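Asker: Quick one: sequence plus predicted model below, questions after.
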Amino acid sequence: MINHIMNSISPAPADADADAPTYTTIPISGADVITRSIQNLTASFSRCRPWPDFLATSTIDLPSSLSAASLRLRKNVRYFSTNYAVVASTCAAVSLIGSPVTLIVVGFGFALWLVLFFFREDPMVIMGRHISDRAVIVALVLCSAAIIWFTGALTSLLMGVSVGVVVVAIHGLLRNTEGLFLDENDGVTDGLVSTSHNPNGGLS
């Protein structure tokens, strides 16, 4: 009897709203979302490695084996990721340079992806209504399809991106990774940072 009464007054299970997506930040206006995304994009360029280091011919040599080539490529992609993105984007832009209007329109579409998807950290709110991530992606895909359809730039873009990927792959395979490390852990792995402890503690 007591159990029956307790069950009758126990809280009801959570409804479907409990499954709604949650965000770690308070929703802000669409203009503020775009501003923060642009700030994130700008900050990402600050991680670009010095171009003299990227283009240094003294670091070019052939890998000793297939496994060494694979390891070298992965490490270079991690270290020079921003540089490689710039190289691939530049190759894509060069492929469209014969048609300035197409270049501007495609560049605008690419900028939308960067600002509204890749570098967006906040929920999108327009006129007080929350726009789901799925809706943003669908809108970007439709916009991109329309741009490609009306400009006819698909072939040129594929050629440009392909050239960029080839250039990145060649550099990643030939660029010696000696002395390149992203953090102290990589330095320890490569033997560039000693792990011995001094009497006062810490790494020496």
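Answerer: Now that the structure is in, tell me what you want to look at. Residues are numbered from 1 along each chain as shown.
Asker: quick one: the residue positioned nearest the centre of the chain from residue 161, how far?
Answerer: In the chain, the centroid-proximal residue (Cα atoms, centre = their mean) is residue 118; its distance is 6.2 Å. According to Cβ to Cβ, to the nearest Å, residue 118 and residue 161 sit 16 Å apart. In short, each C-beta sits where N, CA and C put it, glycine included.
Asker: Likewise for residue 44?
Answerer: The value you get for residue 44 to residue 161, if Cβ to Cβ is used, is 19 Å.
Asker: And residue 91, by the same measure?
Answerer: Counting by Cβ to Cβ - residue 91 and residue 161 are separated by 7 Å.
Asker: Spell out, range by range, the strands that occur in this structure.
Answerer: Ranges of strands within the chain are 124-126, 129-131, based on DSSP state E.
Asker: Packed most tightly, which of those would that be?
Answerer: Compared across the strands of the chain, strand 124-126 shows the largest average neighbour count, a mean of 15 (mean count of other Cβ atoms under 10 Å).
Asker: Could you list every helix and strand that it packs against?
Answerer: helix 30-45, strand 129-131 (3 or more Cβ pairs under 8 Å, 6 or more residues apart in numbering; DSSP states H and E).
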